[in-house]
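>>> Need coordinates for the following:
(one chain, ligands or ions: 1)
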Amino acid sequence: MIAKKMVDYVKGSSVIRAMFEEGKIMAEKYGAENVYDFSLGNPSVEPPVKVKEAIKNILDSENPNFVHGYMNNSGYENVREKIANHLNKEFGTKLGVKNILMTVGAAGGLNVILKTLIDPQDEVLVFAPYFGEYNNYIANYDGVRVVVAPNPPSFQPNLKDMEEKITAKTKAVIINNPNNPTGVVYKKEIIEEMAKILEKKEKEFGTSIYLIADEPYRELAFDGAVVPYLTNHYHNTIVGYSYSKSLSLPGERIGYLVIPDEVDDAENVQQAANIANRILGFVNAPSLMQLAVAECVEEKTNVDAYDANRKLLYEGLTELGFECVKPEGAFYLWMKACEEDDKAFVAKAKEFNLLLVPGSSFAGPGYVRIAYCVSNDMIKRSLAAFKKLAEAYNLK
Ligand code: PLP
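The predicted structure follows:
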């Protein structure tokens, strides 16, 4: 018999993953070129050449016992130093080695920081629609997830609702910018206002409210959209970063947490996070990948390729009469379902071999998420299928 807690996890097992598996079956049945799988956030752009060169170089020139060995649970000091220096240069921060903890991707980082901070029944706020895995990560530590209502049509954070939902038990607020699933970039003015509310509430309740900035899509911002660096706006910010999307390395599981000295109880938080990384069983982030990303701090993915996809898809869909939130970041497009039940709409789309994810799996019912980290050619081919879908709902 499996653990009771796991029974619920198994029941709620990811819709997105299930769809990805289904896409593979459909591709066998109809031919891969006739299936338009927009379900998973797996980057289509290749990692920069420098990543491969760095890996080869490390394997050729370093002692294998070092490359494949254990190190400090927080990661190699020189790797953390390079990352801290890079962040200081980019964002004017004053970070050092002790402020960086190398993690097993953003998912690993979020679990480490939640384990570090959350006591059972502590409340963690998330802004709908949000990355569904947050539910599981918060539940891992018996925290209570509190959902802040969505804010259509802009989908900027709903600060009024946030303020109302903060209580003496609020320990953390998770914010994901640029956003999965909406593709929205949260604006600086909104972040500043959010920071003021959090500070006010900390004073009111005499508590610490940590803002966890989940930033795997930081570099994916279009049309000059600026993604504010949150440590510069709110003293109790912890940043979770990942190279999964920025260097197209999702399977390699590499990222880091930034725990600045300005956060309340900083030294204990840093030390506890180091231990959490160990006792969660990660022990440390993958060694070879730590060494590789340290050589690639200045590297950027091909943002233009995603931008071209974004324009093609957004223009194509709006032209057909679909109602879309114009994406400014990440590689997702948030589109209104053409009927109230987004799952029924997704099922209809599947009749035309279009695989979309229902908004309800992100606590955003009535919408669907379209992941456009696919080939540009697939988007071009998919527009005829979207046209049939539009016709099925008599759009235009
Ligand atoms: N946070 C968000 C918002 C994501 O979209 C993802 C992955 O898609 C993650 C975290 C996890 O990223 P990683 O692969 O770095 O664990």
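>>> Report the secondary structure state of the closest residue to Leu356 other than its chain neighbours.
Counting by C-beta to C-beta, 6 or more residues apart in numbering, Val368 is the residue found nearest to Leu356 once chain neighbours are left out, at 4.3 Å. For every residue, glycine as well, the C-beta is placed using N, CA and C. Classification of Val368 using DSSP: H, G, I helix; E, B strand; the rest coil returns strand.
>>> And Val368, how close does it get to the ligand?
The spacing between Val368 and the ligand, counted by C-beta to the nearest ligand atom, to the nearest Å, is 16 Å.
>>> Pretty sure that residue sits against Lys343.
No: counting by C-beta atoms under 8 Å, Val368 stays clear of Lys343, with 9.5 Å between them.
>>> intersection of neighbour lists for these two?
Pro358 (C-beta atoms under 8 Å, 6 or more residues apart in numbering).
>>> what about the two, which has more around it?
Val368 (27 against 16; other C-beta atoms under 10 Å).
>>> Flag every residue of the stretch 51-200 of the chain that's near the ligand.
Within the stretch 51-200 of the chain, the positions adjacent to the ligand are 105-107, 131, 176, 180 by C-beta under 6 Å from any ligand atom.
>>> one step back: so who does the residue nearest to Leu356 touch?
With C-beta under 8 Å, 6+ apart, Val368 has these contacts: 334-335, 337, 342, 345-346, 349, 356-359.
>>> at 7 Å what do you get?
For Val368, the contact set (C-beta atoms under 7 Å, 6 or more residues apart in numbering) comprises 335, 337, 342, 345-346, 356-359.
>>> Got a ChimeraX select line for the buried ones in the residues you listed?
Selection command for ChimeraX covering only the buried members of the contacts of Val368, criterion 16 or more other C-beta atoms under 10 Å:
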select :335,337,342,345,346,356,357,358,359
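>>> which one of the contacts of Val368 is nearest Ile197?
Gly359 (26.3 Å; C-beta to C-beta).
>>> Check the gap between the closest residue to that closest one other than its chain neighbours and Ser154 for me.
Among residues not flanking Gly359 along the chain, Tyr367 sits closest, at 3.4 Å (C-beta to C-beta, 6+ apart). From Tyr367 across to Ser154, the span is 14 Å (C-beta to C-beta, to the nearest Å).
>>> Tell me how far the residue nearest to Tyr36 when sequence neighbours are not counted lies from the ligand.
Of all residues not flanking Tyr36 in the chain, Ser382 sits nearest, at 3.8 Å (C-beta to C-beta, 6+ apart). Taking C-beta to the nearest ligand atom as the measure, Ser382 falls 21 Å from the ligand.
>>> Over to Asn99?
19 Å.
>>> for Glu215, same thing?
Glu215 is 8 Å from the ligand, by C-beta to the nearest ligand atom.
>>> give me phi/psi at the closest residue to that residue other than its chain neighbours?
Leaving aside its sequence neighbours, Glu215 sits nearest to Tyr241 (C-beta to C-beta, 6+ apart; 5.3 Å). Backbone torsions of Tyr241, given as degrees, to the nearest 10, read phi -120, psi 160.
>>> Likewise for Pro152?
Torsion angles, degrees, to the nearest 10, at Pro152: phi -70, psi 160.
>>> how many neighbours does it have?
For Pro152, using other C-beta under 10 Å, the count is 16.
>>> Ok, Asn394 next?
Neighbour tally, Asn394, other C-beta under 10 Å: 8.
>>> got any ranges where the protein has weak pLDDT?
Along the chain, the model assigns pLDDT under 70 to residues 14-17.
>>> Centroid-nearest residue for the chain?
Pro216 (4.9 Å; C-alpha atoms, centre = their mean).
>>> right, and that residue touches Ala107 too?
No: counting by C-beta atoms under 7 Å, Pro216 does not reach Ala107; the two are 9.2 Å apart.
>>> roughly how far apart are the closest residue in space to Leu317 that isn't next to it in sequence and Leu395?
Excluding the flanking residues, the one nearest Leu317 by C-beta to C-beta, 6+ apart is Cys324, at 5.3 Å. Distance of Cys324 to Leu395, computed by C-beta to C-beta: 12 Å.
>>> Cool, thanks, talk later.
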